[in-house]
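# Give the three-dimensional model of this entry:
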Amino acid sequence: MLEARRWPGRQPAPVASETVRTLLSAVLTLVSIVAIVVAVPSLWVKERLVDSEGFVATASAAAKNQEVKDYLAEQIGQQAASRVGIPAASLVIEPIAKGYTNGPQFESDFVDVVSQQHSYLFDEPKPGTENSTMELDITEMVNRVISQSGASGRVAGPILIPLADGGTGLEAGRYHQVGQQIVRLAYGSLVVAVIAGLLALLVARRRGTVLAWLGLGLVLGGATAWVVGVLIADRAKQEASAADASGRAVTDVIIDGAVGNLQDTALVVGAVGAGVVVVGILARLIFGGRSARA
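Residues are numbered from 1 along each chain as shown. Now for the predicted structure:
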């Protein structure tokens, strides 16, 4: 009789254990999905904008854009012609400037100029430069064109082209603190996503189902990154809108190139996520019974 009274009390234990596992797995899966949605766009921003090498690689694609080449050829030609001290120099210099911006050397020089943009926006501003306007230093480009024209001497510079006026939101160091916050957010969300996802799979009774949900998290992360790209483009173009029309065209090309790269990344992540969803569903169908008993 004593054993009979003990035995019924032990029966619910396996059921309770399975319920706890299911609940814990669901919570961990949800945490991982949220972290994935945050991680995908923040990691891209960290890798392609905050990191200097990624920023230069992203923005340097604008060197292939003809509108950018034409704008800088005009600026370089005007600056060079005004400094060589030769009558009617523009008739000689301007064609050389156009040839230079359409030549192979221009792209590597443009990389140097673009790196100025990253330092300007993401480095801590030096005292007294907090409210300075966003400018490109084209001194070396001008000197290269002067040299190709056959004229002697070099321009000391700096020769600066403003890309924005004061008060646009593109002042020196504008994204210094934001950039540091994004780096922490990117790494933190990635760690949470990986750990929570692995734990969810470890404790799950139906791992195929959890895998499918994690794949859906990647799809949502890709969709979020796409939307973030649209918002970044809109905000950045608003902040650069105070520049003159030609300078703004250069800025817009750089912005559009960066956002295009983000949206391409979003598509890849979404496609991978869709693949993971399919694998999870197949695993659930094939191994569902075994997973339920695991």
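# May I ask which helix or strand encompasses the residue nearest to the spatial centre of the chain?
Closest to where the C-alpha atoms of the chain average out (Cα atoms, centre = their mean) is Val45, at 3.1 Å. Using DSSP states H and E, Val45 maps to helix 12-45.
# And that helix, how far out from the chain middle?
Here the centre of helix 12-45 is set off from its chain's centre by 27 Å, with Cα atoms, centre = their mean, to the nearest Å.
# coming back round to it: quick check: the residue nearest to the centre of the chain touching Val178?
No: look at Val45 against Val178 with Cβ atoms under 8 Å: they stay out of range, at 9.5 Å. All C-beta atoms are positioned from the backbone trio N, CA, C, and that covers glycine.
# Going by residue numbers, what spans are helices in the stretch 51-200 of the chain?
52-59, 66-84, 89-101, 104-122, 139-149, 176-203 (DSSP state H, counting those that start in this stretch).
# Quick one: list the elements packing against the third one.
It refers to helix 89-101. helix 66-84, helix 139-149 (3 or more Cβ pairs under 8 Å, 6 or more residues apart in numbering; DSSP states H and E).
# repeat that with 10 Å
In terms of contacts (3 or more Cβ pairs under 10 Å, 6 or more residues apart in numbering; DSSP states H and E), helix 89-101 is packed against helix 66-84, helix 104-122, helix 139-149.
# With the second one instead?
Secondary-structure packing of helix 66-84 (3+ Cβ pairs under 10 Å, 6+ apart): helix 89-101, helix 104-122, helix 139-149, strand 160-162, helix 245-293.
# For those, give me TSV that also has mean neighbour count, mean pLDDT and distance to Val192.
As requested, those are exported to TSV (neighbours: other Cβ atoms under 10 Å; pLDDT from 0 to 100; distance: least, Cβ to Cβ, whole Å):
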stretch	mean neighbour count	mean pLDDT	distance to Val192
helix 89-101	19	83	46
helix 104-122	17	80	25
helix 139-149	21	84	45
strand 160-162	16	73	42
helix 245-293	17	81	17
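# who wins for proximity to Gln75 among those?
strand 160-162 (5.5 Å; Cβ to Cβ).
# domains for the chain, by residue range?
11-51+173-293, 63-162 (automatic domain parsing).
# Adding distance to Ala57, write the ones you listed out as a markdown table.
Formatted as a markdown table, these follow (distance: least, Cβ to Cβ, whole Å):
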| stretch | distance to Ala57 |
| --- | --- |
| domain 11-51+173-293 | 7 |
| domain 63-162 | 9 |
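# which residues sit in contact with Ala204?
Neighbouring residues of Ala204 by Cβ atoms under 10 Å, 6 or more residues apart in numbering: Arg21, Thr22, Leu24, Ser25, Ala26, Leu28, Thr29, Val210, Leu211, Trp213, Ser291, Ala294.
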